[in-house]
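Trainee: Generate a structure from the sequence data that follows.
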Amino acid sequence: MKNWFMNVKASDKISLDRSLPDVRRKECKDIKYDLKKLPSASVVIIFTDEAWTPLMRTVHSVVNRSPPELLKEVVLLDDNSQREELKGHLDEYIKRFGGLVKLVRKTVRHGLIRAKLAGAKEATGQVVVFLDSHCEATAGWLEPLVARIAEERTAILCPMIDSIAAETMAYHGDPYATAVGGFSWALHFTWESMPQREQQRRKSPTDYIRSPTMAGGLLAADKEYFFAVGGYDEEMDIWGGENLEISFRAWTCGGSIEFIPCSHVGHIFRAGHPYNMTGRNNNKDVHGTNSKRLAEVWMDDYKRLYYMHRSDLKDKDVGDLTSRKELREKLKCRPFKWYLDNIIPGKFIFDENVQAYGTLYTFVDGYRMCIDTLQKDEKTSHTLGVFPCQGKGSSPQQMSLSNEGHLRRETNCAQAMVGRDQERGTVMMTHCHGGSDKWTYEGQLLRNTRSGLCLSTDGLKQSDDVIVTNCDSRSDHQKWRFADPNK
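Mentor: Predicted structure coming up:
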């Protein structure tokens, strides 16, 4: 399990042609496609030192569950694997597919992003479909993808990604899944609820779902359009950030990102990567440097919000950006503000439409104490703490007071949790909603309107939970200042 971040022994005991549940809704199963009128597809699978059975089960599932009328080929691209069984044995093994599976070898490691581009260039189908090397295609997975591209060639599509348990290989899919993709200002992908306006636009549960971003490795696109709109950024290294780059680019340059609810593909979600993720020049932060490339090219002045999280990358050289900036000009792409206003409206912007923002601190006896998340998981509710101020750009210490009176971070808002005596409590960060606590900021006091208590560091040491207590305008422990993180 440790070497592979999955249970390879369990995988090896399971047939490469195993049956899978058909998790599609009935409405999806009822759709009839005229296969003769649909474009052909090449399925591109990139691998590097992947375990044998997950890789072969990916190939078998695609061949077994794709209509021959649509499946032009499977392109297996070997990104410089070193494992012996992926050499001559693999060449022999794929002969059983009668030429349908094409093996392309790279003798120098390209990394997933550049390898995908190389694989797509080998594809001869009208539609190119990328799958990871540890997936399983289910019944009816391909038809709705190519049918939608036949309707709208500028749509870049994602199947619904079902879960294959890394420990047991158990398959779990949800026919009613309707989440869409979002992003954090640290430029990580997030799952979000489908917006009401998208729910209202869709006339049927089989309709495509417009999504601001895509999750990553699994996508389908018209091959010509994919390359015309810029493919992937070839200077991005290995893996990470390319999914947001293609999402921002597609939407602002006249295309779209869509999830296809009638197409289900299983994916083994592993806790880590079994292969080397170090980039060129021994770069161990490929996600960070890739994300800086996309921020500099596509986000205009909003890149400042990325640098609030990654101030360490502000002056880092991430290679020549000229060709990507020229692509943006050539395609006459819209500004990033258009994307925020039209594709992901309601996305919280840390320093816009707010009363104050920055690091939030008290100054007592010459000592600055800052509000701090203490590196707690912000996907869940957690208490808010205090810690010595770390200087500008320390992401866990950034706070905003919105115009609505919410003391908040990107997705979580501060709630006063007051004890029975009604005179003291802690502060819990919970997912923001219309009923989140409101705070006033007057005379440097931050007062919670529901409890009437004020934010305080009185009696606290570093890493303690910040408290709310009776307001005292004379106490330095309750005098709060916001420091602009950009100054």
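Trainee: what's Leu77 sitting at in phi/psi?
Mentor: phi -110, psi 120 (degrees, to the nearest 10).
Trainee: neighbours of it, just the number please.
Mentor: By the criterion of other C-beta atoms under 10 Å, Leu77 has 24 neighbours. For every residue, glycine as well, the C-beta is placed using N, CA and C.
Trainee: and if you look at Glu85?
Mentor: Count around Glu85 with other C-beta under 10 Å applied: 12.
Trainee: same question, Gly240
Mentor: Gly240: 24 surrounding residues under other C-beta under 10 Å.
Trainee: Verify the contact between it and Arg293 for me.
Mentor: No. Contact criterion C-beta atoms under 8 Å: Gly240 and Arg293 do not qualify, at 10.8 Å.
Trainee: Where do the helices of this structure begin and end?
Mentor: Under the criterion DSSP state H, the chain contains helices at 8-12, 26-29, 52-65, 88-93, 112-122, 143-151, 196-201, 223-228, 242-252, 286-298, 303-309, 322-330, 336-342.
Trainee: Report the beta-bridge partner residues of the closest residue in space to Arg201 that isn't next to it in sequence.
Mentor: Excluding its sequence neighbours, the residue lying closest to Arg201 (C-beta to C-beta, 6 or more residues apart in numbering) is Arg210, at 7.6 Å. Note on Arg210: beta-bridge partners by DSSP bridges are Glu258.
Trainee: Run a quick neighbour tally on Arg210.
Mentor: 19.
Trainee: next one: Tyr176
Mentor: Around Tyr176 there are 8 residues (other C-beta under 10 Å).
Trainee: again, but for the one 4 residues further on
Mentor: Using other C-beta under 10 Å, Val180 has 21 other residues around it.
Trainee: pLDDT score assigned to it?
Mentor: Val180 carries a pLDDT value of 97.
Trainee: mind listing what it touches?
Mentor: Residues in contact with Val180 (C-beta atoms under 8 Å, 6 or more residues apart in numbering) are 191-195, 198, 209-212, 259.
Trainee: Now with 10 Å, please.
Mentor: Taking C-beta atoms under 10 Å, 6 or more residues apart in numbering, we find Val180 in contact with 190-195, 198, 209-214, 257-259, 344.
Trainee: Then Met214?
Mentor: 156-158, 161, 180-181, 189, 242-244, 246-247, 250, 257-259.
Trainee: If we use 7 Å, what do you get?
Mentor: Counting by C-beta atoms under 7 Å, 6 or more residues apart in numbering, Met214 makes contact with 158, 181, 243, 246-247, 257.
Trainee: do you know how far it is from Trp191?
Mentor: 11 Å (C-beta to C-beta, to the nearest Å).
Trainee: do the same with Asp476
Mentor: From Asp476 to Trp191 the distance is 42 Å (C-beta to C-beta).
Trainee: Asp222 now?
Mentor: 26 Å.
Trainee: And the two? Which one has more around it.
Mentor: Neighbour comparison, Asp222 and Trp191: the larger count goes to Asp222, with 23 against 13 (by other C-beta under 10 Å).
Trainee: rewinding a little: kindly indicate the member of the contacts of Met214 with the most neighbours.
Mentor: Going by other C-beta under 10 Å, Ser247 tops the contacts of Met214 with 28 neighbours.
Trainee: Nearest spatial neighbour of that residue, chain-adjacent residues omitted?
Mentor: Thr213 (4.0 Å).
Trainee: Need the pLDDT of the one you found.
Mentor: pLDDT at Thr213 comes out at 98.
Trainee: Tell me who's in contact with it.
Mentor: Going by C-beta under 7 Å, 6+ apart, Thr213 touches 181-183, 189, 243-244, 247, 257.
Trainee: Looking at those, spot the one nearest Thr322.
Mentor: Nearest to Thr322 among these is Leu244, at 20.7 Å by C-beta to C-beta.
Trainee: So the closest one sits against Lys292, correct?
Mentor: No. Leu244 is not in contact with Lys292 according to C-beta atoms under 7 Å; the separation is 11.9 Å.
Trainee: ok, back up a step: closest to Lys32 out of the contacts of Thr213?
Mentor: Ile257 (26.8 Å).
Trainee: looking at it, the closest one is touching Phe248, isn't it?
Mentor: No. Between Ile257 and Phe248 there is no contact under C-beta under 7 Å: 9.6 Å.
Trainee: Could you tell me how far Phe226 is located from Ala155?
Mentor: Taking C-beta to C-beta as the measure, Phe226 falls 11 Å from Ala155.
Trainee: So the two - more neighbours on which side?
Mentor: Phe226 (24 against 21).
Trainee: Could you find the closest non-adjacent residue to that one?
Mentor: Nearest residue to Phe226, sequence neighbours excluded (C-beta to C-beta, 6+ apart): Val128, at 6.0 Å.
Trainee: so the one you found touches Ala120, yeah?
Mentor: Yes. Counting by C-beta under 7 Å, Val128 touches Ala120, with 4.9 Å between them.
Trainee: neighbour count winner among those two?
Mentor: A count of neighbours by other C-beta under 10 Å puts Val128 above the other of Val128 and Ala120, at 29 against 21.
Trainee: May I have the beta-bridge partners of that one?
Mentor: On the basis of DSSP bridges, Val128 is bridged to Ser42, Ala221.
Trainee: now do Ile467
Mentor: Counting by DSSP bridges, the residues bridging with Ile467 are Thr426, Ser456.
Trainee: how far away is it from Trp251?
Mentor: Separation of Ile467 from Trp251 (C-beta to C-beta): 44 Å.
Trainee: And these two? Which one has more around it.
Mentor: Trp251 (25 against 22).
Trainee: ok so, going back, how far away is the residue nearest to Arg201 from Asp372?
Mentor: Counting by C-beta to C-beta, the gap from Arg210 to Asp372 is 37 Å.
Trainee: and what of Asp79?
Mentor: 41 Å.
Trainee: what residues are up against the residue nearest the centre of the chain?
Mentor: The chain has Phe189 as the residue nearest its centroid, 1.7 Å off, counting by C-alpha atoms, centre = their mean. By C-beta under 7 Å, 6+ apart, Phe189 lies in contact with 181, 183, 213, 215-216, 243-244.
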